[in-house]
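> how would this look folded up:
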Amino acid sequence: MSAADGMTYAPVGKAAPVCKGGEFVFAATHLDHGHIHGQCNGLAEAGGTLKWVYDPDPAKVELLLQKHPAANAARSLEQILDDASVHLVAAAAIPNLRGPLGCQVLRAGKDYFTDKTPFTTLAQLEEAKAAVAETGRKYMVYFSERLHVECAVHAGTLIKEGLIGRVVQTLGTGPHRLSASTRPGWFFDHTQYGGILCDIGSHQCEQFLYYTGAKDATIAASAVGNFANPDHPELEDFGECSLIADNGASGYFRIDWLTPNGLSTWGDGRVVILGTTGYIELRKYTDVTTENGGDQLILVDGDGEKRIPCAGKVGYPFFGQMILDSLNRTETAMTQNHAFKAAELCLLAQQKARRLTATLGEG
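Numbering: from 1, shown residues only. Next up is the predicted model:
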């Protein structure tokens, strides 16, 4: 999977099984976004057994089976849902279909692991909350920009250890390369993808909650625009948002589809986390103009300045924790409230957003 294209970017880590082969069985369906490969990689490396793969497009199925040859092509989604041995269904459906699909999976008695964004409307979120309450199953979300980035994982550990004191603010940038000619039609349909703050903004809302330790937050301001893609009028290629957490922390993030072709990777994603006694900067996918590569964590605290290369050293514990949560009905990897609150915030940010290009008379 190419590091130059975010839609096909799928991190590969070291095997770190938390269960025996066949003890945790999962399936993959609705392979509309390439993130499904990262989802399946993470689960398989943590000891999960991929049994079934389904999509109406046989080419998508074959591509996933090439990476997981022990799995089988399912005839239908129903074949997966009727299999009592399947604990969890992973999916990367078109965004506006993720919520309804998840409720169907939950009501079939299985946990659900969806690509972000998990919903495109607040009504879908409410339906999922009802389905979780009704079934007791888990509705988990692949917030890959934290969960599948080693420096982002390590930052959480350092914050919990108190190395930068109380977190006061997070500042996030989530630029992405558009690669418009490779994108499916739904990518440019606002009803289907939900808007830029709803979509890739979901990563940023989740990180804000996680790093600040907040349980809730309000949207102070948000905005979207289409500055460079008049041929795709429903695409928003820029978005920004300011948040205030229930514990007093603040956050700001900027996301866009404006990554230039000269960048070596699909996006120069960064996070700066300010604490009362220090700060952390994450350079996730690249450290531009250097040979350092991605997964760089920079820590400045009372003891000095440190650069910590994290690639290949930290791992991706979320997937093993989620498997154990599914088997043991615990909440170690991520609480359900956290996943739903991150989803709610990105939906509210999208709903409240000013349209910048309309203000400038361009849209």
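> contacts and neighbour counts: CA atoms only from here.
Noted.
> The residue nearest the centre of the chain: what's it in contact with?
Nearest to the geometric centre of the chain sits Phe143, at 2.0 Å (CA atoms, centre = their mean). Contact analysis of Phe143 by CA atoms under 8 Å, 6 or more residues apart in numbering lists Asp115, Lys116, Ser202, His203, Glu206.
> Now name the helix or strand holding the fourth one.
Assignment of secondary structure by DSSP states H and E places His203 within helix 201-212.
> Now do that helix: which elements does it pack against?
Packing contacts for helix 201-212, counted by 3 or more CA pairs under 8 Å, 6 or more residues apart in numbering; DSSP states H and E, involve helix 144-147, helix 150-160, strand 167-175, strand 238-245, strand 250-256, helix 336-352.
> Would you mind giving those as a markdown table with mean pLDDT, mean neighbour count and distance to Thr290 added?
Formatted as a markdown table, those follow (pLDDT from 0 to 100; neighbours: other CA atoms under 10 Å; distance: least, CA to CA, whole Å):
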| stretch | mean pLDDT | mean neighbour count | distance to Thr290 |
| --- | --- | --- | --- |
| helix 144-147 | 98 | 20 | 22 |
| helix 150-160 | 98 | 20 | 17 |
| strand 167-175 | 98 | 22 | 19 |
| strand 238-245 | 98 | 23 | 27 |
| strand 250-256 | 98 | 22 | 23 |
| helix 336-352 | 98 | 21 | 33 |
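> quick one: pLDDT of the residue nearest to the centre of the chain?
At Phe143, the predicted lDDT confidence score is 98.
> cool, Arg183 as well?
What the model reports for Arg183 is a pLDDT of 96.
> Now do it against His232, distance only.
Relative to His232, Arg183 is positioned 12 Å away (CA to CA, to the nearest Å).
> any idea which element Ile323 lies in?
Using DSSP H and E, Ile323 maps to helix 317-328.
> quick one: contacts of that helix?
So helix 317-328 is contacted by 16-18, 24, 42-43, 46-48, 87-88, 111, 138, 147, 330-334 (CA under 8 Å, 6+ apart).
> of the residues you listed, buried ones?
The neighbour-count test (16 or more other CA atoms under 10 Å) applied to the contacts of helix 317-328 identifies 16-18, 24, 42-43, 46-48, 87-88, 111, 138, 147, 333-334 as buried.
> List the buried residues of the helix holding Ile323.
Buried-residue list, helix 317-328, by 16+ other CA under 10 Å: Pro317, Phe318, Phe319, Gly320, Gln321, Met322, Ile323, Leu324, Asp325, Ser326.
> ditto for stretch 225-240
Gly225, Asn226, Phe227, Asn229, Pro233, Glu234, Leu235, Glu236, Asp237, Phe238, Gly239, Glu240.
> and stretch 120-128, how far out from the chain's middle?
Centre-to-centre, stretch 120-128 and its host chain are 18 Å apart (CA atoms, centre = their mean, to the nearest Å).
> Output that stretch in CSV with nothing but the alpha carbons.
Taking Å, rounded to 0.1, in the frame of the first residue of the first chain, the C-alpha atoms of stretch 120-128 are listed here in CSV:
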residue,chain,number,x,y,z
THR,A,120,-22.7,11.4,8.6
THR,A,121,-25.8,12.5,10.5
LEU,A,122,-26.7,13.0,14.2
ALA,A,123,-29.8,10.8,13.6
GLN,A,124,-27.4,7.9,12.7
LEU,A,125,-25.5,8.5,15.9
GLU,A,126,-28.7,8.3,17.9
GLU,A,127,-29.7,5.1,16.2
ALA,A,128,-26.4,3.5,17.0
